[in-house]
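> With the input below, show me the fold.
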Amino acid sequence: MDLIKKTINLVILNLKPFYNMKPFKIIIMLLVITTALKAQVKFSDLKPEAGKEVSFSYDPKGTKLEKSEEIKCSAFSLFPQTYLTAGPEIKPITLIKDGAVFKGVIPTTDSTTLVALYLYSGEAKDENPDGYYIKLNQKGQERAESLISEANLFNLYGRSLGMKPDLSKAKVAFDQAFILKPALKNKWLYNYLSLNYKISKESGTQLIKENIDRLQNNKPAEEKDLSMVYELYNLIADKTGKDGAKAKLLQLYPKGSFAYSRDVTAMNSEKDIKLYEDKLNGIINKYQLNADKKTDAAKLSGLYTLATYRYAKEKNNEKFDFYASKIADKISRASAYNAFAWPLAENNENTAFAAQISKKSLDLVTAAKNDDFPASYRSKDAYLKSLDNTYGMFADTYALLLYRLGNYKEAITYEDKSFALSSNISPDMNVRYVTYLNKDGQFEKAYTVAEKLIKDGEATDSVKADFKVLYAKLGKQGDYTTYLAKLEEASYLKEKEIWLKKMIDMPAPTFSLANLQGEKVSLADLRGKTVIVDYWATWCGPCVASFPGMQKAIDKYKDNPNIVFLFINTWQREDNREQVVKEFMNGTKYTFNVLLDTKNKLDPTQFYVISQYKVEGIPTKFIIDGKGNIRFKAVGFSGSADGVVKELDMMIGLVANTNQVAKAK
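Predicted coordinates for the structure are as follows:
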């Protein structure tokens, strides 16, 4: 830090020749200098050409990864034709250790605009607020598209890389991009105006109103301009303006995109299945959708896909199959088949029909490999890789259905394909694999897979039960209980090492909130106890998916008066929010103590306690020790009920040990 201060002072002393420069240019110079001094990544070329490889070195000294022997890296690449819809492309980068530094090479294409690096080891990651990224040039010149990507990095994507969102830098990048290529402003207008609104509601609102006036005065009144007006009124919560824009859109463009979207929304909200189908056919007739026209074919595929999900929910095989067969796009149809088949496979229901459509999904993915790749993909190779991953996911569904039907050998064949092609192999896949192998009489292989699951700490109770039977069946030497304990100890020590690195020690913001019974619950009153705080909302899928595991943990610790679970409902913005939460909980058997986070008085869209805890996404759990300090922060869902309990066991155990050491002192 002293070096940074001295360097800045030196620069200021030598800035006299630049006093006539615009102030923001001087600030940018200082920002570049400070960033360069604290950066841990050095790129071989500070103005790399798109399409060429970019080399870099990484020195982890002074970061969370300083003591890590193995450091991994992923490159987040942004492309102008895909980042509006698909976001960054993420690819692993091989790092070679050279003394104290790690070196890597990033491949780029002619269309790559920007590459950012994500550096991590296990659960730890390098969280540089400014990020490690490089913009790609074209013929030695900076591109407007690269600046757009930089703006999106600071505003949207950077958070996942450990960067600190910087709205001011995002605005500067947008402004520079629009100077280089003014036509881009129309394409990115909403993003730009919403960014300005985030920075300052007052000046942002003024800028939005100026653009609304401009768009409304365009002659002739184009639908895209009026749609933008509608969205901008919605952004600033101007109901009168929004209603006026809606009326004008429907009047001038009764069969336009806006009207179509509203009709589809009305169809989806229809509860009566007969009226639902009437509205579906009504839309097709009103807009005269013709499957021979490319744009209409896409709309029809979308409508039929929505219909398949509705009839899947109704468990109507005939109607589901009827509408699925009408979906022209192969991958959309395959996805519909898999979406219907998977819950049936999990629940062991309607398995013969589910296996039939699951096999169709795999055949469709295979057939799609011969098609031209969509514009959303940069290359045929990228498209084929995506199809392989899709096949791997769908093969896992088909394998489970084959198992349900008693075809164990073929189930193993397809699970092997799933392992080979899936980009993400979950512990649940391995758990099912043990079952398939066991049923097929492949006991030695089942034993090996189960043993590894136990060693890695990913075994469920059912895997351990199978392992016990296999241990005896294969005539393994020694006491089973002793051997299992040895395996579990190795798993525990490995997990413990990982969680110890995640341990933190910072004061927990205090709160006093009402629960659903109207009782006040204060964190201060729980001093001396280990408190698990879980932030959630009824609309949050991963939150709800974690609840069976949370209930299992509550049941496990129910006789321990020193362990307290609190479930803080937050980001629930309905006007009748308390009723929504009560009705949700009444429809479950969970014994949760649910607290209601309070809305921020200055900004009712925000919530007070979750803001104090600086939570960026839910579910997020905090483990607070007896002194009122946060010791762990866990984000997301562990994937299974057993995984949730295992994760909590480790955190609670380590906090309990810390408390005991503190008391002993």
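
> Could you pull up the contacting residues of the closest residue to Lys439 other than its chain neighbours?
Computed as CB to CB, 6 or more residues apart in numbering, the closest residue to Lys439 that is not its neighbour in sequence is Tyr408, at 4.4 Å. C-betas here are computed from N, CA, C, even on glycine. Counting by CB atoms under 8 Å, 6 or more residues apart in numbering, Tyr408 touches Leu402, Tyr436, Lys439, Asp440.

> ok, the first one touching Ala355?
What that stands for is Leu402. Yes. Counting by CB atoms under 8 Å, Leu402 touches Ala355, with 6.7 Å between them.

> Can you list the low-confidence ranges for the stretch 101-250 of the chain?
Residue ranges of the stretch 101-250 of the chain with pLDDT under 70: 123.

> in the stretch 151-300 of the chain, which spans are strands?
Counting by DSSP state E, counting those that start in this stretch, one finds no strands in the stretch 151-300 of the chain.

> Could I get the full set of helices for it?
Ranges of helices in the stretch 151-300 of the chain, per DSSP state H, counting those that start in this stretch, are 167-180, 184-187, 189-199, 201-216, 223-235, 239-252, 257-268, 273-286, 294-313.

> out of the ones you listed, nearest to Ala459?
With CB to CB, the closest approach to Ala459 among the helices of the stretch 151-300 of the chain belongs to helix 294-313: 32.6 Å.

> Identify the residues contacting that closest one?
Helix 294-313 has contacts (CB under 8 Å, 6+ apart) with 260, 264, 267-268, 273, 276-277, 280, 283-284, 287, 289-291, 319-320, 323-324, 326-329, 332-333, 335-336, 339-340.

> List the buried residues for that helix?
By neighbour count on 16 or more other CB atoms under 10 Å, the buried set for helix 294-313 is 297, 299-301, 303-308, 310-312.

> How about stretch 519-539, which residues are buried there?
Val521, Leu523, Leu526, Thr530, Val531, Ile532, Val533, Asp534, Tyr535, Trp536, Ala537.

> export these to a markdown table and tack on pLDDT?
Shown next, in a markdown table, are these (pLDDT from 0 to 100):
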| residue | pLDDT |
| --- | --- |
| Val521 | 95 |
| Leu523 | 94 |
| Leu526 | 94 |
| Thr530 | 94 |
| Val531 | 96 |
| Ile532 | 96 |
| Val533 | 96 |
| Asp534 | 96 |
| Tyr535 | 95 |
| Trp536 | 94 |
| Ala537 | 92 |
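
> farthest-separated two in these?
Within these, two members stand farthest from each other by CB to CB: Thr530 and Ala537, at 24.4 Å.

> mind checking the SS state of Lys627?
When classified by DSSP: H, G, I helix; E, B strand; the rest coil, Lys627 comes out as coil.

> One more: Val531?
Classified using three-state DSSP, Val531 is strand.

> ok, for Lys326, nearest residue in space, not its chain neighbours?
Closest to Lys326 by CB to CB, 6+ apart is Tyr304, at 4.5 Å.

> Which pLDDT value goes with the one you found?
As predicted, Tyr304 sits at a pLDDT of 94.

> follow-up on the earlier one: restricted to buried residues, select the contacts of helix 294-313 in PyMOL.
A single PyMOL command selects the buried members of the contacts of helix 294-313 (16+ other CB under 10 Å):
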select buried, resi 260+264+267+276+277+280+283+284+287+289+319+320+323+324+327+329+332+333+335+336+339+340
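
> residue ranges with poor pLDDT in this protein?
Applying pLDDT under 70 to the chain flags residues 1-39, 80-87, 123, 376, 602-604, 658-665.

> Outside of stretch 487-494 itself, list whatever touches it.
In contact with stretch 487-494 (CB under 8 Å, 6+ apart) are residues Glu451, Ile454, Lys455, Asp456, Gly457.

> correction: stretch 232-248
The contact list for stretch 232-248, computed with CB under 8 Å, 6+ apart, reads 190, 193-194, 197, 205, 208-209, 211-212, 221, 226, 229-230, 258.

> end to end, how far does it reach?
When the termini of stretch 232-248 are compared using CA to CA, to the nearest Å, they are 15 Å apart.

> got the buried residues for that stretch?
By 16+ other CB under 10 Å, the buried positions in stretch 232-248 come out as Leu232, Tyr233, Leu235, Ile236, Asp238, Gly241, Lys242, Ala245, Lys246, Lys248.

> Same question for stretch 384-392.
Residues of stretch 384-392 classed as buried: Ser386, Leu387, Asp388, Thr390, Tyr391, Gly392 (neighbour count, 16+ other CB under 10 Å).

> I'd like those residues written out as JSON lines, with distance to Lys185 and secondary structure added.
Conversion of these to JSON lines gives the following (distance: CB to CB, whole Å; DSSP: H, G, I helix; E, B strand; the rest coil):
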{"residue": "Ser386", "distance to Lys185": "32", "secondary structure": "helix"}
{"residue": "Leu387", "distance to Lys185": "36", "secondary structure": "helix"}
{"residue": "Asp388", "distance to Lys185": "39", "secondary structure": "helix"}
{"residue": "Thr390", "distance to Lys185": "36", "secondary structure": "helix"}
{"residue": "Tyr391", "distance to Lys185": "41", "secondary structure": "helix"}
{"residue": "Gly392", "distance to Lys185": "41", "secondary structure": "helix"}
